[in-house]
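> Need coordinates for the following:
(2 chains)
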Protein chains: 2
Amino acid sequence: MLERLVSGQLQAGETARPPRLVAAMRHGVLNGGKRLRPFLLIETAALFGADGEGPMRAACALECVHCYSLIHDDLPAMDDDDLRRGQPTVHRAFDEATAILAGDALLTLAFDILADAATDRDPAVRCELVLSLARAAGLGGMAGGQMLDLAAEGRRMDEAEIVTMQAMKTGALLRHACEAGAVLGGADAGERAAFARFGVAIGRAFQLADDILDVTATPTALGKRTAKDRDRGKATLVALHGLDRSRRIARDLLAEALAILEPFGERAFWLGEAARFVVGRDH
Amino acid sequence: MLERLVSGQLQAGETARPPRLVAAMRHGVLNGGKRLRPFLLIETAALFGADGEGPMRAACALECVHCYSLIHDDLPAMDDDDLRRGQPTVHRAFDEATAILAGDALLTLAFDILADAATDRDPAVRCELVLSLARAAGLGGMAGGQMLDLAAEGRRMDEAEIVTMQAMKTGALLRHACEAGAVLGGADAGERAAFARFGVAIGRAFQLADDILDVTATPTALGKRTAKDRDRGKATLVALHGLDRSRRIARDLLAEALAILEPFGERAFWLGEAARFVVGRDH
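As a prediction, the model looks like this:
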């Protein structure tokens, strides 16, 4: 479905979809990512009894936002990366201007997908999804987190600053994934809050695992450059706490996440597996 | 209100708003633009009896999208401009990474503003606004138009290609301005279509005036570099038709726009003035 949404097919209200822009967007999203965020959204929705086109569309919108952020983060003015998931980054495969526009267009497409009646027949639910994604991705979320990350290069952040930066840069979208699934499934306020907390725990564990991998993995296994945080003097919790303590914190976060799933029993099996994967992954 | 929306004040679901990012966003939006798009939206809404916070918020969202596009278009990888409205462009006043993020965050904020219940109590109306803005700004609208414009540098586009490119790059947002006003005012399908056509005519006239000014105005009057299209061999209708014929086409478009307003009589006075301004402006 993601491929169909990011295609050349015109929607009402559009004039033309330039093939080069479509190709750059496809390069940025259809490149074998893990699809962790879509998985969390779809499984959370399923836990509350929602499946089919709605959760799938919301998951595609979320992946569009995730991939736009990777395209822009990889730009020369940002992290200046040539490789992503083992492939040339979008500005290397195309050019910088096209990469900027492909990111812009993917971000915009996400809200197009969510606001469309095909995502949920209740417009109030669609508005909730748009609002949640915009807050998670914007200046108080992911974009703001990237700003804090860039501003911190070369200076030493304390633990609280690192936690805030990572909660915004990585955590906000993972939290949105779980909250959006709950919203689509018609969860009540308490359940929605519980899944927001689950997303936050997963998000922190995910970032720790990422930082640990940056120190321990090989570029081949990871499909991108490693040790780049250390080379740039970037602040991470791993640099602050060391590997052993970081792994312990990640395990505690996993326990916290699994405890939130506990009341849901077997129905939460795949979400539990995802949480375990996040902490134990080697790529 | 635009200043309040692009401020450091946290919204629910946000973690922190980094001051540097807020400053760059403010630099990009609070810089004395003409606010033509917000004016069209608010006046169209007023024509249909809607005023107050709703149209003002939708107008702010639209201006966020317009200004994000200017910030990204000015980047070195795109048009590489140092000056905008007589001020340093965002990447000159801050840096490239911050300018990219400020554009991203403004685009995201636009959908945050529209989806919020304060914009309209009917979520179906809010979804309409989100969908219309996303289509106007995305790969089949403004972002796609910028792609076509960049791809055409150095080669000769024919008239149909130029019209398509300009309809997407400039026209789509102006059309959205008028349609969104009609949607907020509860216009029926026929009225909405009429104001979409009004926006299209205004958009084409606006682009012609812009291209004429690029040839005839001084940098001081315009607050930005002039003759840059010609210097780059960029295709414009003015280059194709010459000044006289271009001015005639602009006048015909004005007549077309005013004819659409005619049935609304005195109530459409300010929209008519805006149409006249678009064609007759000298900056």
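> wait, is residue A:164 part of a strand?
No. Read with DSSP: H, G, I helix; E, B strand; the rest coil, residue A:164 is helix and lies in no strand.
> And the residue of the stretch 101-250 of chain A closest to chain B?
Going by C-beta to the nearest C-beta, chain B is nearest to residue A:140 of the stretch 101-250 of chain A, at 2.5 Å. (Glycine included, C-beta is placed from N, CA and C.)
> isn't there a helix covering that residue?
No. Going by three-state DSSP, the assignment for residue A:140 is coil, not a helix.
> For the closest residue to it other than its chain neighbours, give me the pLDDT.
Among residues not flanking residue A:140 along the chain, residue B:14 sits closest, at 2.5 Å (C-beta to C-beta, 6 or more residues apart in numbering or on different chains). Listed pLDDT for residue B:14 reads 86.
> sec struct for residue B:14, please.
Assignment for residue B:14 (three-state DSSP): coil.
> do the one 3 residues further on as well
When the structure is reduced to helix, strand and coil (three-state DSSP), residue B:17 reads as coil.
> count of neighbours near it?
Neighbourhood size, residue B:17 [other C-beta atoms under 10 Å in any protein chain shown]: 22.
> The one 5 residues further on now?
Burial measure for residue B:22: 20 neighbouring residues, criterion other C-beta under 10 Å.
> Got phi/psi on it?
The phi/psi pair for residue B:22 (degrees, to the nearest 10) reads phi -60, psi -40.
> and it, what is it in contact with?
A:139, B:6, B:7, B:8 (C-beta atoms under 8 Å, 6 or more residues apart in numbering or on different chains).
> Now rank those residues by neighbours and give me the top one.
For the contacts of residue B:22, neighbours were counted using other C-beta under 10 Å, and residue A:139 has the most, 30 neighbours in all.
> From residue A:246, how far off is the nearest residue to that residue once chain neighbours are set aside?
In space, and not counting its chain neighbours, residue A:139 is closest to residue B:105: 4.0 Å by C-beta to C-beta, 6+ apart. Distance of residue B:105 to residue A:246, given as C-beta to C-beta, to the nearest Å: 30 Å.
> quick revisit: list the contacts of the residue nearest to residue A:140.
Counted by C-beta under 8 Å, 6+ apart, residue B:14 has contacts A:135, A:138, A:139, A:140, A:141, A:144.
> Would you mind measuring from it to residue A:100?
From residue B:14 over to residue A:100 (counting by C-beta to C-beta), the distance is 25 Å.
> Any residue of stretch A:118-133 touching chain B?
Yes. Against chain B, stretch A:118-133 shows contacts by C-beta under 8 Å from any C-beta of the partner chain at A:122, A:123, A:124, A:126, A:127, A:128, A:130, A:131, A:132, A:133.
> Tell me the pLDDT of the first one.
Reading off the confidence values, residue A:122 has pLDDT 98.
> Next, count neighbours for the closest residue to it other than its chain neighbours.
In space, not counting the residues next to it along the chain, residue A:122 is nearest to residue B:123; the distance is 7.9 Å by C-beta to C-beta, 6+ apart. If you count neighbours by other C-beta under 10 Å, residue B:123 ends up with 19.
> So which of residue B:105 and residue A:246 has more stuff around it?
Neighbour totals were compared for residue B:105 and residue A:246, and residue B:105 leads with 31 against 20 (other C-beta under 10 Å).
> three-state assignment of that one?
Following three-state DSSP, the label given to residue B:105 is helix.
> and it, what does it touch?
By C-beta under 8 Å, 6+ apart, the neighbours of residue B:105 are A:138, A:139, A:143, A:144, B:21, B:25.
> Do I have it right that the second one meets residue B:21?
Yes. Counting by C-beta atoms under 8 Å, residue A:139 does reach residue B:21; the two are 5.3 Å apart.
> Spit out the residues that contact the two alike.
Residues touching both residue A:139 and residue B:21 (C-beta under 8 Å, 6+ apart) are A:147, B:105.
> nearest residue to residue A:3 other than its sequence neighbours?
Nearest one to residue A:3, counting by C-beta to C-beta, 6+ apart, is residue A:30 at 5.9 Å.
> give the contact list for that neighbour.
Residue A:30 makes contact with A:2, A:3, A:6, according to C-beta under 8 Å, 6+ apart.
> Per-residue pLDDT of the first one, please?
I take that to be residue A:2. Confidence score, pLDDT, at residue A:2: 89.
> burial count for it?
The burial count for residue A:2: 20, using other C-beta under 10 Å.
> Residue A:29 is in contact with that one, correct?
Yes. Judged on C-beta under 8 Å, residue A:2 makes contact with residue A:29 at a distance of 6.2 Å.
> how near is the residue nearest to residue A:139 to residue B:178?
Residue B:105 is 26 Å from residue B:178, by C-beta to C-beta.
> returning to that earlier point: what sits in contact with each of residue A:2 and residue A:29?
Joint contacts of residue A:2 and residue A:29 (C-beta under 8 Å, 6+ apart) are A:63, A:64.
> ok now stretch A:87-94, how far from the chain's centre?
Offset of stretch A:87-94 from its chain centre (C-alpha atoms, centre = their mean, to the nearest Å): 20 Å.
> Run through the strands of the stretch 1-150 of chain A in chain order.
For the stretch 1-150 of chain A, applying DSSP state E, counting those that start in this stretch gives strands covering A:83-84, A:87-88.
> Would you quantify the distance from residue A:260 to chain B?
In this view, residue A:260 and chain B are 19 Å apart by C-beta to the nearest C-beta, to the nearest Å.
> Helix or strand: which one has that residue?
Assigning secondary structure by DSSP states H and E places residue A:260 in helix A:243-261.
> Would you mind pulling up the elements that the lengthiest helix in chain A packs against?
Ranked by residue count and defined by DSSP state H, the top helix of chain A is helix A:189-216. Other helices and strands packing on helix A:189-216, by 3 or more C-beta pairs under 8 Å, 6 or more residues apart in numbering or on different chains; DSSP states H and E, are helix A:36-47, helix A:159-166, helix A:172-184, helix A:228-231, helix A:237-241, helix A:243-261, helix A:269-280.
> between those, which gets nearest to residue B:63?
helix A:172-184 (24.9 Å; C-beta to C-beta).
> Could you tell me the angle between the closest one and helix A:159-166?
Here helix A:172-184 runs at an angle of 60 degrees relative to helix A:159-166 (axes from the mean of the first three to the mean of the last three C-alpha atoms, to 10 degrees).
> got the angle between helix A:172-184 and helix A:189-216?
Relative orientation of helix A:172-184 versus helix A:189-216 (the same axes, to 10 degrees): 150 degrees.
> Which of the helices and strands in chain A ranks last by mean pLDDT?
helix A:228-231 (a mean of 59; mean pLDDT, DSSP states H and E).
> quick one: contacts for the residue nearest to residue A:236 when sequence neighbours are not counted?
Leaving aside its sequence neighbours, residue A:236 sits nearest to residue A:211 (C-beta to C-beta, 6+ apart; 4.1 Å). Residues in contact with residue A:211 (C-beta under 8 Å, 6+ apart) are A:229, A:236, A:237, A:238, A:239, A:246.
> most surrounded residue in the residues you listed?
residue A:238 leads the contacts of residue A:211 on contacts (other C-beta under 10 Å) with 26 neighbours.
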